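Asks: Could you look at this predicted model? Sequence included:
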Amino acid sequence: MNQFRMQFRRRGVFTALIALLLAIAIAFLSIGLSAFCTAREQLRRISEQYTTIALPPWPGDWPQWLRTEAWPGETGAAIERPDCVVEEAYTGFLNAHVEGCMGVSPYELDDFGSERFDYYGRALMVAAVQCTALEIIRIPIEQRYYDEDENQLPSVWYEWPVVSVEFDTEEIVSMFPAYADAIPEGCLQSVKLLDASYPADRQIPFEVGKTYLLFALCGGPVSAAKLPFELQGSRWRIDEEDGISLVVNSGNKTGIPNNTPSDQWENAWTNGIFSFQRIVAEGSVIYECLQEDSLPYCVEYTGRVEDFLHSKEGAVWLDTILPLCQLNYESADVVFTDNVDSIYMFNSGAASLLEGRKIEKTEYASGTAVCLVSAAYAQKNGLQLGDTIRLDLYDPGMIETSGYRDSSEYGWPTIPRPGICRPENRIGVQKDYTIVGIYTAPEFEDNAHSFSANTIYVPKASIPDADSYLDQDTAGPAWSLYTIILENGKTDELETFAEERGLGGVFTYFDQGYSELGGSYEAVLANARRLLAVAMTAFVLASALGLFLALRRMSAGARGMRLLGIKAQVVWWEMVQTLTELVLGAAVLGGVLGAALYGTVTGPIFSDAMDLDPVLLAASAAGLAAVLIAVCAVCALSVSRRKLMQTTGIKRTK
Amino acid sequence: MEQSRKSGAALRRLTLAVLWRRKWASLLLAAVAALGVFVSVALYGLAARQEAAMAATQRDTIISCVVTDPQGTGSGDLRMPLFWVDKLTGQRNTWENDLTGTVKNVRAKASMSLTQPSDTELRRILNFASDSALAPMEGAVIELLEGWTEEVFQTDARVCLISEEIWAEPDENGILWVTVEADDSMGPSALQVIGTVSNGPGGVIWCPLYIQRKDGTTENFFVDSCSFDITDNTRLEESKAELYETFVKPDRSNRKTDSAFGVLVQDETYLATMEEFRSNLSLLQMLLPVLTVLCGGISFFAAYLSTRGRVREFAIMRSLGMKRRRVFLQVFEEQALLMAAGALVGGLAGLLLEGGFSGGALVRAGLNLAVFLAGAAAAVGSMIQVNVMKLMKTEE
């Protein structure tokens, strides 16, 4: 028979009150702990809504710069990457054939000045034409040479024959459908080709009066200029009689070579459609010839176009070129990422959701086939949230759109645009993606960090072996696809790191407004901590008082038992048993009380996601009970082993 | 009288002796009283602090709005007549009721081809942020000549920034000028060059959006892009309502017309964040009374239990002839002393933590102490009602 249990039972009111005191202390701390956990969870959710990024100012080996003492591109001793850097994100850039969906062209927005956004895919065109005029323009090119002391040596002069041809249109065989609507009818009646491209045999392929099939890039109306408000009747001044321009060697519309003629001569290159070779013939004449294995850009034909296409000579046009055009008309850019908010457009607010939602964390992790499409793209193709689009992925690489920005100092930036989809660069991944969000953004902007309205954003993990399609050369055209993701609120740390290395102020930071939250964030965190501290103090004091009173009540009994010869260990054990029962009862009562109070308070405030976690509450109550029992055991030890003959503290009276 | 005074002094000595004899219990009780005051002060400050921080966040957060076409399909090629921007900036007095009180930091860009210099484009901007091509991360470096600031772009001054490669003509005073001509009836006009843009777009001249023409008027033209920020986030809903009186809410089911434009208010993250903060504040505000009551409960039970344990002591006092009232007053005095000591310590701790007391905190602390005393009083009240002889017998 446990004496203490009997004693406690006999004094039921006292026992109940002690239990109630302990229960209140446990409930207090449980509530404090729950509030602390809730606040932490809330702050985590708030923080998750924000992504802080740092964008490097120019192409360079920034990953190496973060890890070594040297400047980008130089070698230096290895250092630790700053702690504030959470991740270095490389945005992936692919292209896809989207079955049944056409891309958006700037022409549809009456923007004839931005035809470069259609290069190359949507600009592909096949036209049956009759040559009406032909002229060879021989452009002199001076090549300067310098000696070791940089004194100019006598120049060498070259000749660059550019072919200027005019055609009457017989038939448009293939053209991006939106062009036919946007380009005035009269414009399509004539075609101008000003180009330095030659067939492999370096012979001029055109003759006045003959008919040809031309395969080239449509450069839009030859003469088009944006007009001021007063002339808004025609938003663009287009001289229809000038016709449309065609380009074979893209990015080179005016016919001036991209490269300074030097040791880069006699090189070979491709723009994804044609393969070229630069040849210097007759000592001083520069030709840009198609390579033997390149697709043709023109062929002479007679009779009906249809008949020619079905002839042996027309096979490459019917079987390769025309399907290639259609494939690219239905293509779109695909950006794959682990977080769209790490991309400048979304982070800065240049792009924002019009409908639906962004891709969720779990979808990034699992590689769920979901995507975001632009409102312009969705509107054109009648796409709605929840629709699925089939993406057949291609890896055509990026093209460098040069010549639209002044590249005088650093030779940048190039604007990331996809190359052309060809059967050779199909990666063999075909997937149905569900549209979960429709965003709005400037449709076409000439910025290195801007993507066009034809961009579809997908989770990186949804593309098998996605890393192999990442261009991680941050010193090259892909520099603008590299982002340093920082811990929220830690931009200062990277800036200090950059300043110490002489690059202060060069990074641009975007944090979606997180820095403006600072005060509230800190207040919630500080309050949660303070609440927990107060609750712990209350728990400690109330428990101490409760246990003190209980033990004091037990001490007389313990002494009596010891005087009767019962071993201290037995006394201790009986005390611990009784106190454990008391504490467990209090813990259950406190847990229930805490849960009831906290649940009542939080119920109307939070959604299900923030509901009280019963496991957490039970665990905290159990933990507190364990602590109390341990304290009881220690205290009971001193009470049960109390010396029976008091030798100190006795005041002797005379 | 004298006897009463002497017995009062003796009782007081007795009280102190009792408190000292029960020093651990006394200390704990005082600590509980201190806790009551401290919790009242500390908890009361929490909500106030969080409210202040939220107000600061609400004030400082920038909520951007982007003008789109009515369907929201694009925001970069709006072809929006300038008088829509007038409504936002209040310039040119085009509108009776403009939105200058509702929005701030208006950014707008308009571009047009120039026939002179050839192959160049004129971009009219309200500030550098109006043209994303001028952003630092695009590599653009803007260098303004001495004495000029970005603010000039909000005026109608005939000045411009030019791409580095554009040729500017110096006059006899060394001031640089560039002559521009668009394909309109106004003919060429000269703009003073106030700076250059390197590593930005080539062949571009930037001038103020409201630049005057030669005849002193500001022409109308189409604006390509426009965005702005909400002035006062505390009245976000009213601001949105005001905006939607002029602009439409972008929706793909809207008809696309040249006379309507949408505004996309980028407030989702802000609203979600403020909702989290608000719910946390609500939680705090609702938890504080609960915790205060629990704290009161602790005080009550602490006082009650510690007093109740002294029933035998009270019985002896009663059997020695002490009146109930006297016993009650003596115990009450004990508790009051402990409470005062605790309140002092708790108050000091609260003062250190909060740096001051608010009226509300003091009221709560007072209530807590009252509960503490009530606990003691209830215990003594019930103890002194017991039958002394019976109690002594039971104790035997």
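Replies: That came through, no problem.
Asks: C-alpha only now, for contacts and for neighbours.
Replies: Noted.
Asks: got the contact list for the strand or helix carrying residue A:97?
Replies: Assessed by DSSP states H and E, residue A:97 sits inside strand A:92-98. With contacts defined as Cα atoms under 8 Å, 6 or more residues apart in numbering or on different chains, strand A:92-98 is touched by A:327-328, A:330-337, A:389-398, A:418-419, A:421, A:460, A:466, A:469-471, A:481.
Asks: swap the cut-off to 7 Å and go again
Replies: A:327, A:330-337, A:389-396, A:418, A:421, A:469-470 (Cα atoms under 7 Å, 6 or more residues apart in numbering or on different chains).
Asks: Restricted to strands, list these.
Replies: Among the contacts of strand A:92-98, the members found in strands (DSSP state E) are A:331-337, A:389-394, A:418.
Asks: Output the residues you listed as JSON lines; include the columns neighbour count and distance to chain B.
Replies: JSON lines is the format used below for the ones in strands among the contacts of strand A:92-98 (neighbours: other Cα atoms under 10 Å in any protein chain shown; distance: Cα to the nearest Cα, whole Å):
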{"residue": "A:331", "neighbour count": "29", "distance to chain B": "19"}
{"residue": "A:332", "neighbour count": "29", "distance to chain B": "17"}
{"residue": "A:333", "neighbour count": "24", "distance to chain B": "17"}
{"residue": "A:334", "neighbour count": "25", "distance to chain B": "19"}
{"residue": "A:335", "neighbour count": "22", "distance to chain B": "19"}
{"residue": "A:336", "neighbour count": "25", "distance to chain B": "21"}
{"residue": "A:337", "neighbour count": "22", "distance to chain B": "20"}
{"residue": "A:389", "neighbour count": "19", "distance to chain B": "19"}
{"residue": "A:390", "neighbour count": "16", "distance to chain B": "22"}
{"residue": "A:391", "neighbour count": "20", "distance to chain B": "22"}
{"residue": "A:392", "neighbour count": "18", "distance to chain B": "25"}
{"residue": "A:393", "neighbour count": "24", "distance to chain B": "25"}
{"residue": "A:394", "neighbour count": "29", "distance to chain B": "26"}
{"residue": "A:418", "neighbour count": "25", "distance to chain B": "19"}
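Asks: By pLDDT, give me the weakest of the residues you listed.
Replies: Within the ones in strands among the contacts of strand A:92-98, residue A:418 has the lowest pLDDT, namely 76.
Asks: Please report how far the residue nearest to that residue when sequence neighbours are not counted lies from residue A:94.
Replies: Of all residues not flanking residue A:418 in the chain, residue A:398 sits nearest, at 4.6 Å (Cα to Cα, 6 or more residues apart in numbering or on different chains). Distance of residue A:398 to residue A:94, computed by Cα to Cα, to the nearest Å: 8 Å.
Asks: So which of the two has more stuff around it?
Replies: Each of residue A:398 and residue A:94 has its neighbours counted (other Cα atoms under 10 Å in any protein chain shown); residue A:94 has more, 25 against 20.
Asks: Need the per-residue pLDDT for the more buried one.
Replies: In this model, residue A:94 is scored at 92, pLDDT.
Asks: again with residue A:64
Replies: So, for residue A:64, pLDDT stands at 88.
Asks: which residues touch it?
Replies: residue A:72 are the contacts of residue A:64 under Cα under 7 Å, 6+ apart.
Asks: which ones are touching residue A:53?
Replies: Here residue A:53 is in contact with A:342, A:483, A:484, A:485, A:486, A:509, A:510, A:511 (Cα under 7 Å, 6+ apart).
Asks: Dump those to JSON lines, plus secondary structure and distance to chain B.
Replies: Formatted as JSON lines, the contacts of residue A:53 follow (DSSP: H, G, I helix; E, B strand; the rest coil; distance: Cα to the nearest Cα, whole Å):
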{"residue": "A:342", "secondary structure": "helix", "distance to chain B": "14"}
{"residue": "A:483", "secondary structure": "strand", "distance to chain B": "11"}
{"residue": "A:484", "secondary structure": "strand", "distance to chain B": "13"}
{"residue": "A:485", "secondary structure": "strand", "distance to chain B": "15"}
{"residue": "A:486", "secondary structure": "strand", "distance to chain B": "16"}
{"residue": "A:509", "secondary structure": "strand", "distance to chain B": "9"}
{"residue": "A:510", "secondary structure": "strand", "distance to chain B": "11"}
{"residue": "A:511", "secondary structure": "coil", "distance to chain B": "12"}
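Asks: Quick one: buried ones out of these?
Replies: A:342, A:483, A:484, A:485, A:486, A:509, A:510, A:511 (16 or more other Cα atoms under 10 Å in any protein chain shown).
Asks: Go ahead and name everything in contact with the strand ranked longest in chain B.
Replies: Secondary structure of chain B per DSSP E: the longest strand is strand B:103-114. Contacts to strand B:103-114, defined as Cα under 7 Å, 6+ apart, come from residues A:225-228, B:88-89, B:120-127, B:129-131, B:180-183, B:222-231.
Asks: Which of the contacts of residue A:53 sits closest to residue A:544?
Replies: Residue A:544 has its nearest neighbour among the contacts of residue A:53 in residue A:486, at 45.9 Å by Cα to Cα.
Asks: What's the local residue count around the residue nearest to that closest one when sequence neighbours are not counted?
Replies: Once flanking residues are discounted, residue A:486 sits nearest to residue A:85: 4.5 Å by Cα to Cα, 6+ apart. Counted with other Cα under 10 Å, the neighbours of residue A:85 add up to 20.
Asks: do the same with residue A:267
Replies: 11.
Asks: Then residue A:368?
Replies: As a burial measure, residue A:368 scores 19 neighbours (other Cα under 10 Å).
Asks: for the residue nearest to it when sequence neighbours are not counted, what are its contacts?
Replies: Once flanking residues are discounted, residue A:368 sits nearest to residue A:462: 5.8 Å by Cα to Cα, 6+ apart. By Cα under 7 Å, 6+ apart, the contact set of residue A:462 is A:367, A:368, A:369.
Asks: is it true that the first one touches residue A:464?
Replies: No - because the distance of 9.1 Å does not satisfy Cα atoms under 7 Å, residue A:367 is recorded as not touching residue A:464.
Asks: Confirm residue A:619 sits in a strand?
Replies: No - assigned with DSSP: H, G, I helix; E, B strand; the rest coil, residue A:619 falls outside any strand and is helix.
Asks: where along the stretch 401-550 of chain A do the strands fall?
Replies: Taking DSSP state E, counting those that start in this stretch as the criterion, the stretch 401-550 of chain A contains strands spanning A:415-418, A:426-440, A:455-459, A:482-486, A:508-510.
Asks: can I get those in TSV with distance to residue A:22?
Replies: What follows is the strands of the stretch 401-550 of chain A, written out as TSV (distance: least, Cα to Cα, whole Å):
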stretch	distance to residue A:22
strand A:415-418	67
strand A:426-440	52
strand A:455-459	52
strand A:482-486	46
strand A:508-510	51
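Asks: comparing those strands, which gets the lowest mean pLDDT score?
Replies: Among these, strand A:415-418 scores lowest, with a mean of 70.
Asks: could you point out where the chain is predicted with low confidence?
Replies: No chain was given, so I picked chain A. A:73, A:226-235, A:250-266, A:399-416, A:602-614, A:645-654 (pLDDT under 70).
Asks: try again with chain B
Replies: B:1-8, B:11, B:183-187, B:214-218, B:309, B:386, B:388-396.
Asks: how many other residues sit next to the closest residue in space to residue B:110 that isn't next to it in sequence?
Replies: For residue B:110, ignoring the flanking residues on the chain, the nearest one in space by Cα to Cα, 6+ apart is residue B:223 at 4.3 Å. Using other Cα under 10 Å, residue B:223 has 26 neighbouring residues.
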